[in-house]
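> Just a sequence and a predicted model for now, questions to come.
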Amino acid sequence: MVFFCFLTLWLAGCGGAPLRRVLQPATPYEKYARALQQVQLDETALGQAWLAAGERALRDSLEIDLPYRESGYFPANEAVALSYRVALPEGQKLRVKVETEANQPLDVFVDLFRQEDQKAKPLVSADSSLTFEYEVDETGAYLIRVQPELLRSGRYDIYITQQPVLSFPVEGGSNRSVQSFWGAARDGGGRRHEGIDIFAKRGTPALAAVNGRVSRVGTTRLGGKVVWITDLERGQSLYYAHLDSQLVQIGQRVTPGDTVGLVGNTGNARTTPPHLHFGIYRFGQGAIDPYAFVQQFPQETIAPATTPTVPLAWQRTGRQSVNLRTGPGTDHTVIRTCTPHTPLQVLAATGDWERIRLPDGTEGYLFHTLVEPLTRPIRQWVTSDASRPLLDTPRPDAPLIQYLPTETSVAILAEFNDFALADVAGQWGWVQQPKS
């Protein structure tokens, strides 16, 4: 907020275009990026790092499963952008919510993209409430980017959940009630099932799944007693078949939860237990798989088992090699195998997993018990050569902290490639290890 006020005053005093014309892009993220350009902060190392972080997040997102909750910390001294990739089917609704806790006002930009041909297509952005919902209209991979403004720190919690676009069409039913799915063979393989069968006791209410209008009530050879409802929000038709009785009339308006009929086994279902055949049809497309439109998912998110330190502190893996993964679970892809005592920073926590960063910037997930604090050195080392440099980062060209004279006692805390994270009389830094 303070930064935006500065930008506003700067622009007002420059005699340039009015601010309302400067901030033309639709999303808050684009407005902020445009503002950086207007004050030429995009030419500074800090501004370039912020813009690069936002672009990099769209290329290097991490995989998550829903529901997902993450708790972490935005440091003020670096440009941060988080990115999460999730596979979503058409018919689901994605909900994203970000909560922050900071000593100063903290602007956070939350954007949703769909991955298309190696590009990220922008779809929707959160407003100042840091919350949005999006109905998935195309099955695919979706990216959620969360990026704070520059020079502001604070804790955050991210909640990402999914739920069906339609309400469940049978009273008291659940995913387990669906026992015959789209595409199953019918009539000895002569045709395919164009819907799902939801089993329930005879007489169980079949419910309207949308705000709609009853377009047809009748009896057919296959469907028996049927009801058609036009979905007034999405331009599609819902089909209810094998009803024991119909309780609506043509032209009647319905809302989710209204009873449209009672479950039965009329039509060609006379030899099967009572169930509702539920289908979705679209003009010019015909029947589509309805399951994702009513499939229910858990909404409860699990609180993280750990909390990242503030500021972010160096920690390490234990005595065994461990696999760093693209997502919080053993079913996710291994990014790399970390050797014993690999240094890392815990950026955030989700459930029993921690999202960590290695010294080279690689991010991924580790189970929280595989991470330990640097409470004791893994070994002691005494320098044998004069002027060994203690460096700020594990790179030969890193900024110098100091030169270590011969016979300096060094406590080795962690090791990464040819470098070791060292404690020299309370001064931490990186030393290049002698080749054995």
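Perfect, thanks for sending it. Bear in mind that the values here come from a model prediction, so they are computed numbers and not experimental data.
> Poorly predicted segments of the protein, please.
Within the chain, the ranges that satisfy pLDDT under 70 run 1-25, 185, 187-190, 435-436.
> which helix of it spans the most residues?
helix 45-59 (DSSP state H).
> surely Leu222 meets Arg270?
No: the pair Leu222 / Arg270 is not scored as a contact, 11.3 Å apart, by Cβ atoms under 8 Å. Quick note: C-beta positions are derived from backbone N, CA and C, even for glycine.
> These two - which one has more neighbours?
For Leu222 and Arg270, the more surrounded residue by other Cβ atoms under 10 Å is Leu222, and the numbers stand at 14 against 10.
> Need the three-state assignment for the nearest residue to the more buried one once chain neighbours are set aside.
Leaving aside its chain neighbours, Leu222 sits nearest to Asn268 (5.0 Å; criterion: Cβ to Cβ, 6 or more residues apart in numbering). Secondary structure for Asn268, judged by DSSP: H, G, I helix; E, B strand; the rest coil, is helix.
> Could I get the contacting residues of Asn268?
221-224 (Cβ atoms under 8 Å, 6 or more residues apart in numbering).
> and it, how far is that from Ala120?
Look at Asn268 and Ala120: by Cβ to Cβ, to the nearest Å, they are 47 Å apart.
> mind listing the helices for the stretch 251-400 of the chain?
291-294 (DSSP state H, counting those that start in this stretch).
> what residues are up against Thr131?
Thr131 touches 95-98, counting by Cβ under 8 Å, 6+ apart.
> Dihedrals phi and psi, it?
Per-residue torsions, Thr131: phi -140, psi 140 (degrees, to the nearest 10).
> So Ile144: helix, strand or coil?
strand.
> Arg95 is in contact with that one, correct?
No: counting by Cβ under 8 Å, Ile144 sits too far from Arg95 to count as a contact (10.8 Å).
> Please enumerate the shared neighbours of these two.
Joint contacts of Ile144 and Arg95 (Cβ under 8 Å, 6+ apart) are Ile160.
> These two: which is more packed in?
Ile144 (25 against 16).
> so what's that one closest to, chain neighbours aside?
Using Cβ to Cβ, 6+ apart, the closest residue to Ile144 is Tyr84 (4.7 Å).
> Give me the distance between the spatially most central residue of the chain and Thr326.
Central residue of the chain (Cα atoms, centre = their mean): Tyr84, 4.1 Å from the mean position. Tyr84 is 11 Å from Thr326, where distance means Cβ to Cβ.
> ok, now Leu143?
14 Å.
> Neighbour count: those two, which is higher?
Higher neighbour count among Leu143 and Thr326: Leu143, with 21 against 18, using other Cβ under 10 Å.
> Excluding chain neighbours, what is closest to the more buried one?
Phe113 (4.3 Å).
> so the helix or strand where the one you found lies versus helix 45-59, what angle?
Phe113 is part of strand 108-116 when elements are defined by DSSP states H and E. Put simply, strand 108-116 runs at 40 degrees to helix 45-59, going by axes from the mean of the first three to the mean of the last three Cα atoms, to 10 degrees.
> ok, and what's touching strand 108-116?
Contacts of strand 108-116 (Cβ under 8 Å, 6+ apart): 27-29, 32, 58, 74, 85, 94, 96, 98, 100, 120-126, 130, 132, 134, 138, 140-149, 156.
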